[in-house]
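Q: Provide a 3D model corresponding to the input given below.
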Amino acid sequence: MCECNEQRNSASQASRRQFLRLGGGAALLTAGAMMLPAMSATAAPKGGPLPKPQNDLTPDLALSRLMAGNQRYVEGVTRRHDFLSEREALASGQNPFAAILSCADSRIAPEYAFDSARGDIFAVRVAGNFVTTDGLASLEYAVAVLGTPVIMVLGHEACGAVKAGVQRATDGTTFPGHIDALAKAVEPSVKSVMGKSGNVLDNAIRQNVLDNVERLKGASAVLTEALAAKRLKIVGGVYELASGKVQLLG
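A: Here you go, the predicted structure:
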């Protein structure tokens, strides 16, 4: 385990206190500020050990662990997880080592893709894997309250939401219900790659990931402070459907 745990735990507690002062973002404020003291207790029992001490990692080590898990998944040699003891350990709290903003596509399951167990990954999912107000608040919570050291924006090949954005940008196609809002949300990424060499959809999928990584880096004082203090790393990746491999971007 990292020799700087005591310093990291102290920094994490300070970050959590600041999160409570800030109110954790607009979405959490609207839910009621009185919720926050109770929410902070979900990281670990007061005065007690972390639910999963092995998840107390630096951002670089957390990312390495994610990618090692993905390699096992690709090779089909995933670990056997002891769900019984994990349920007992996690009954009193959680300290996930990674947060994943991924598409809602049924073929993309972050917990499987990174060969992780319960309590390891804090998953936020929306078609098109783009930042929403509620999603941002959830990621702020993971970082400031749970001490999560790495966030990955995870896109994937053949993304239907990005394809809808391509159709909207190229021929003005509109979609029923609220689906059109998804297409509109990714349309700027599509427009920024139009005219470039290569497949428009593939390029737009990658650009959408990169754009949302940058959005997370600048959209929240909570995340910006954690980045500046080197308590957090934000990265992007694209999941390959046939192989299961996650290609890191940037």
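
Q: excluding chain neighbours, what is closest to R125?
A: A104 (4.7 Å; C-beta to C-beta, 6 or more residues apart in numbering). All C-beta atoms are positioned from the backbone trio N, CA, C, and that covers glycine.

Q: the one you found touches V126, doesn't it?
A: Yes - the pair A104 / V126 is scored as a contact, 5.9 Å apart, by C-beta atoms under 8 Å.

Q: higher neighbour count, the two?
A: V126 (17 against 13; other C-beta atoms under 10 Å).

Q: quick check: the more buried one touching G135?
A: Yes - V126 lies in contact with G135 (C-beta under 8 Å); the separation is 6.1 Å.

Q: mutual contacts of these two, please.
A: L101 (C-beta atoms under 8 Å, 6 or more residues apart in numbering).

Q: next one: the biggest helix by length in the chain to chain centre, how far?
A: The longest helix of the chain (DSSP state H) is helix 200-219. Relative to the chain's own centre, helix 200-219 is displaced by 13 Å; criterion: C-alpha atoms, centre = their mean, to the nearest Å.

Q: just checking, what packs against it?
A: In terms of contacts (3 or more C-beta pairs under 8 Å, 6 or more residues apart in numbering; DSSP states H and E), helix 200-219 is packed against helix 133-144, strand 150-156, helix 160-171, helix 179-193, helix 221-228, strand 233-239, strand 246-249.

Q: ranking those by burial, who's on top?
A: strand 150-156 (a mean of 27; mean count of other C-beta atoms under 10 Å).
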